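Trainee: Make a model of this:
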Amino acid sequence: MDKSKRNRNANKNPSYKARGMSEESIRKKRQYDKAYHATAERKKYRAELNKKNRENHKAGKSKVGDGKDVSHTKKKGTTLESQKRNRARNGAGGKSTKK
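Mentor: Reported below is the predicted structural model:
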């Protein structure tokens, strides 16, 4: 697949403008996010979820493109849930909203 078509919407989040963020603040946020997601802790976190996703695919619990994510629970485990529900949970008010 052509890379330009596959990822043409990368870094074009409309909420940046809706929040009234300047070009400078958007640049700073992207720079921070890039550094944050490059840390060993975040890489380990992503790797764990990707591994669980592969295991679920092999076990027949989920399929690629079925709209399911593996999410972490408060009890340090993982569970399968919809992408919409998992990604909407962003810790509003600074509180954890994990299952």
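
Trainee: Tell me which residue lies nearest the centroid of the chain.
Mentor: For the chain, the residue nearest the mean C-alpha position is residue 87 (6.7 Å; Cα atoms, centre = their mean).

Trainee: Can you list the strands that the helix or strand hosting residue 81 pairs with?
Mentor: Using DSSP states H and E, residue 81 sits within strand 78-82. In the sheet, strand 78-82 lines up against strand 68-72 (antiparallel) (DSSP bridges).

Trainee: Check which helices and strands the longest helix belonging to the chain sits against.
Mentor: Ordering each helix of the chain by length in residues (DSSP state H) puts helix 40-59 first. In terms of contacts (3 or more Cβ pairs under 8 Å, 6 or more residues apart in numbering; DSSP states H and E), helix 40-59 is packed against strand 68-72, strand 78-82. Quick note: C-beta positions are derived from backbone N, CA and C, even for glycine.

Trainee: Having no further points to raise, I will conclude here.
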